[in-house]
Every structure is written in structure tokens, then in C-alpha cells.
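Colleague: Quick one, what's the 3D model for this:
(one chain, ligands or ions: 2)
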Amino acid sequence: MGGRGALIVLEGLDRSGKSTQVIRLVEKLVSMGKKASKMNFPDRTTTVGGLINEYLQSGKDLDDAVIHLLFSANRWEATRSIRDRLSSGETLIVDRYAYSGVAFSAAKGTLDIEWCKGPDRGLPAPDCVIYLDVSSDVAKQRGGYGEERYEKEEFQKKVRTCFEALMSQEPAMWRRVDANKTMDEVTEEIEGIATKIVDQVTDKPIGSLWT
Ligand code: T5A
Ligand code: NA
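Modeller: Ligands and ions are numbered 1, 2, ... in the order given. Here you go, the predicted model:
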């Protein structure tokens, strides 16, 4: 017993099933007697998050660099809480993080990946990123697709290419899960990965992202 909690991030294209799986994973860890909670980015409840929400709902137009920096600021707002909670032994399961930040901004073609990584350098580093790999055909059949700014097939293909580039830069950090499978199959695979990570990190210092 004792030691810090794990920072586990779920990433993937829109409709890959991240929010569904984050909730299930937290429930599983809690049922195993672990202290665990979920977080999500963007956090639309803060002042910065409100601007992001307006932008995503296509109401507000912002320069590509400006919205990129707002998404990053929205993570920096949470860093003290993330560090404190991990240190107190709580595991955090996070629905999107800086990888979505880079992949969605770089996919626009106006900003390169290295520039996009800049503002998120120094955030608490995840212990593992679980990538829910969904095909475009499957994603677009799932509920709600097409309502927000980025939910267009051509754009999602570019986002996928950016995620692949980020994965190839840090292969040891990422675990790829086939998210075309049923919810229960995906849940089982994620639980296997996450429960091991939780047990492995207790004595490790919290890392610093991309530094
Ligand atoms: N963004 C985000 C940036 O540009 N920069 C950033 O820095 C960040 C953090 C909003 C947008 O912001 C962009 C990326 C996004 O375009 P969001 O609020 O996380 O980000 O997006 P949401 O619209 O809330 O969520 P997603 O579209 O990403 O969906 P999820 O969470 O991947 O999928 P989920 O779990 O809600 O499932 C979608 C549907 O599919 C079903 C579910 O029941 C649901 O109906 N489903 C399955 N059906 C069959 N089989 C399965 N295995 C299924 N899993 C889920
Ligand atoms: Na979601």
C-alpha cells in the first residue's frame, strides 16, 4: 500500500469510445479497492473551457494558434490538482490530453507538430497512453457524429496521421487497442493494461511531458 497514483490517458479519434471506457475503467479500479477518478479535456466548465466550447460548437472563430493555446491553458489550469491527487495516491483516468491537443491542431495543416508540442511541455507526463484505434467507417456510424467542428471524415483522417506520428515518437508510452470491437471486449483489454500500470508506478516520480 501507499505510493502515488497512476496517470493514465485515453486517446483516439472522435467516437472511438473514450468517455465510455474512462467511466468503466474508474468503476473497475474502485471495485478493486483502488482510489481512482476520471478527468477530461477539454474541461468545458472553466472560463477558458467556455471559450473552447463556443469554438467547438462552431459559434466562435479563432486563429488556429489561439485555440491551440487555449486548449493547452485548459490543461495547465488542472496541473496542480493532478500533481496533488497523484501524490495522495489517487489514480487519474484522463479522457484526452496533450496528444489530442497536438493531433487536432497539426491536422489543420497550418501548425507543425513540434510547434504544437511546445505549450504542453512540462505538464505531468502520463504513465501510459491507451490509444483507441477505430476505423473511420465504424466511428461515423456511432451516435452523435457530425455535430461539432472537427467531426468530419476527411479531417479525422488527418488527425489519425498525426496520432500515428506521435505514437512513433514515443512507442514505449503507448498501447494500441482495437476500438472497432464490442464495448465489453475493449473494456477487458483496457482493464488488463491499466491494472498493471497502477501497480508498477507507485514508487516512480511523476514525469514531465516532452522535456
Ligand atoms: N480537442 C480536444 C482539441 O482540438 N484539442 C485538445 O487539446 C483537446 C483536449 C472535443 C473536441 O476537442 C478536440 C477533439 C474533439 O474534436 P471531447 O469533448 O472529448 O473533445 O469530444 P466528445 O465529442 O465528447 O467525445 P468523442 O467524440 O471523442 O467521443 P468518445 O468519448 O471517443 O466516444 P463515446 O464513449 O462518447 O462513444 C461515442 C458513441 O459510441 C458508442 C457510445 O455508446 C456512444 O454512443 N460506443 C460504441 N458503440 C459500439 N461499440 C463500441 N465499442 C462503442 N464504444 C462506444
Ligand atoms: Na468523449
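Colleague: C-alpha only now, for contacts and for neighbours.
Modeller: OK.
Colleague: what residues does stretch 65-78 touch?
Modeller: 41-43, 46, 48-49, 52, 97-98, 101, 105, 111, 116, 119-120, 123 (Cα atoms under 8 Å, 6 or more residues apart in numbering).
Colleague: In CSV, list the C-alpha atoms belonging to that stretch.
Modeller: In CSV, the C-alpha atoms belonging to stretch 65-78 read as follows (Å, rounded to 0.1, in the frame of the first residue of the first chain):
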residue,chain,number,x,y,z
ALA,A,65,-2.7,29.2,-32.8
VAL,A,66,-5.0,30.9,-30.4
ILE,A,67,-7.4,28.0,-30.0
HIS,A,68,-4.3,25.7,-29.7
LEU,A,69,-3.0,27.8,-26.8
LEU,A,70,-6.4,27.8,-25.1
PHE,A,71,-6.6,24.0,-25.1
SER,A,72,-3.2,23.9,-23.6
ALA,A,73,-4.1,26.5,-21.0
ASN,A,74,-7.1,24.4,-20.1
ARG,A,75,-4.7,21.6,-19.1
TRP,A,76,-2.3,23.9,-17.2
GLU,A,77,-5.3,25.0,-15.2
ALA,A,78,-5.6,21.5,-13.8
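Colleague: Which ones among the contacts of stretch 65-78 also lie next to ligand 1?
Modeller: 41-42, 97-98, 101 (Cα under 6 Å from any ligand atom).
Colleague: packing partners for the lowest-mean-pLDDT helix or strand in the chain?
Modeller: Least confident helix or strand of the chain, by mean pLDDT, DSSP states H and E, is helix 136-141 with a mean of 88. Counting contacts by 3 or more Cα pairs under 8 Å, 6 or more residues apart in numbering; DSSP states H and E, helix 136-141 is packed against helix 153-169.
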